[in-house]
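K.L.:
one predicted model, sequence on top.
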Amino acid sequence: MSAVPTALVVGPDVPGRTLVAGLLRVTGWDVREATDTREALALARRGDLDLVVTDLDVPAGEAPALLRRLRLVGCRAHLLAVTADAGAQDRAAALQAGALACLPKPVDAGLLLTLLDRRAAGPQGPGADDPPGDDVDTELMDRLQRLYAAALPARLTAIADGARTGDATALAQASATLAGTSAQLGHPEVAAVCRAIAQDARRGVLAHELVVELAAVAGA
């Protein structure tokens with residue numbers, strides 16, 4: 001492993017991805033970010049990686065497939081998965097594809113660093129045994145809140161479109177994504193409504209009244 005370990009954080013949701021990347025950066029990692037499988041594989045081919053963290057809250061099977069393809073292109077990094085709302089089958093598929101663990105979102109800094117320390121996958125820089133300091137934490141959270149606010153209209157539109165068109169799969173995915181980032185960034189009411197929408201959508205139920213409630217709760 002190089003003197004400065006390199007991590008790749010993969011996921012379509014910018015605030016959620018940035019939060020994990022930020023936790024790694026403040027503890028001494030060189031972090032790269034990718035939004036999808038193609039971008040992740042391209043980055044993996046360019047250089048050695050010590051860690052890959054991928055979001056399971058993507059279309060079914062995409063994250064485990066990425067983990068398998070990383071191994072096929074010679075990536076020897078430790079693999080981790082994170083999720084806000086994946087089912088047992090998705091979690092099992094990620095573990096079978098090589099993930100060391102599947103962590104719940106919002107990702108707890110102490111849990112992440114403890115896991116990496118146990119696997120000897122990360123640096124032991126100043127403060128590595130503790131959560132990030134208040135100054136770094138505040139700066140990161142301010143940036144994440146701005147990203148969240150900027151992305152919120154598009155997230156709400158995706159949820160509304162899924163309900164309007166009767167696409168339960170798209171509705172569940174969009175709701176689960178917003179639920180994860182909302183929980184991470186201190187918007188519990190938005191997260192709760194999104195989880196309820198996603199749960200109904202997975203059962204084939206289009207909860208139009210909850211979509212209306214979500215718009216009100218989110219201030220749209």
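P.N.:
Sure thing, it's come through. Computed from a predicted model, the values in this text were never measured in an experiment.

K.L.:
contacts only, for residue 169.
P.N.:
Shown in contact with residue 169 (CB atoms under 8 Å, 6 or more residues apart in numbering): residue 201. In this view, the C-beta of every residue, glycine as well, is placed from N, C-alpha and C.

K.L.:
how far is the helix or strand of the chain with the lowest mean pLDDT from where the chain is centred?
P.N.:
Using mean pLDDT, DSSP states H and E, the weakest-scoring helix or strand in the chain turns out to be helix 109-118, at a mean of 74. Computed by CA atoms, centre = their mean, to the nearest Å, the chain-centroid distance of helix 109-118 equals 16 Å.

K.L.:
give me the buried stretch members for it, please.
P.N.:
109, 112, 113, 115, 116 (16 or more other CB atoms under 10 Å).

K.L.:
what does the domain assignment say about this structure?
P.N.:
6-132, 137-217 (automatic domain parsing).

K.L.:
any idea which of the ones you listed scores lowest on pLDDT?
P.N.:
Of all the domains of the chain, the minimum mean pLDDT falls on domain 6-132 (a mean of 80).

K.L.:
state whether residue 52 is indeed within a helix.
P.N.:
No. Applying DSSP: H, G, I helix; E, B strand; the rest coil, one finds residue 52 to be strand, outside a helix.

K.L.:
ok, now which ones touch it?
P.N.:
7-10, 40, 44, 67, 70, 75, 77-80.

K.L.:
report the buried residues of stretch 155-162.
P.N.:
In stretch 155-162, counting by 16+ other CB under 10 Å, buried: 155, 156, 158, 159, 160, 162.

K.L.:
SS state for the third one?
P.N.:
State at residue 158, reduced to three classes by three-state DSSP: helix.

K.L.:
is it in contact with residue 174, as I believe?
P.N.:
Yes. Assessed by CB atoms under 8 Å, residue 158 is found in contact with residue 174 at 4.0 Å.

K.L.:
the most centrally placed residue in the chain pairs with what?
P.N.:
The centroid of the chain falls nearest to residue 55 when counting by CA atoms, centre = their mean (4.1 Å). According to DSSP bridges, the residues that bridge with residue 55 are residue 82.

K.L.:
circling back: and the buried residues of helix 109-118 as JSON lines, adding distance to residue 220?
P.N.:
Formatted as JSON lines, these follow (distance: CB to CB, whole Å):
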{"residue": "109", "distance to residue 220": "31"}
{"residue": "112", "distance to residue 220": "32"}
{"residue": "113", "distance to residue 220": "36"}
{"residue": "115", "distance to residue 220": "37"}
{"residue": "116", "distance to residue 220": "38"}
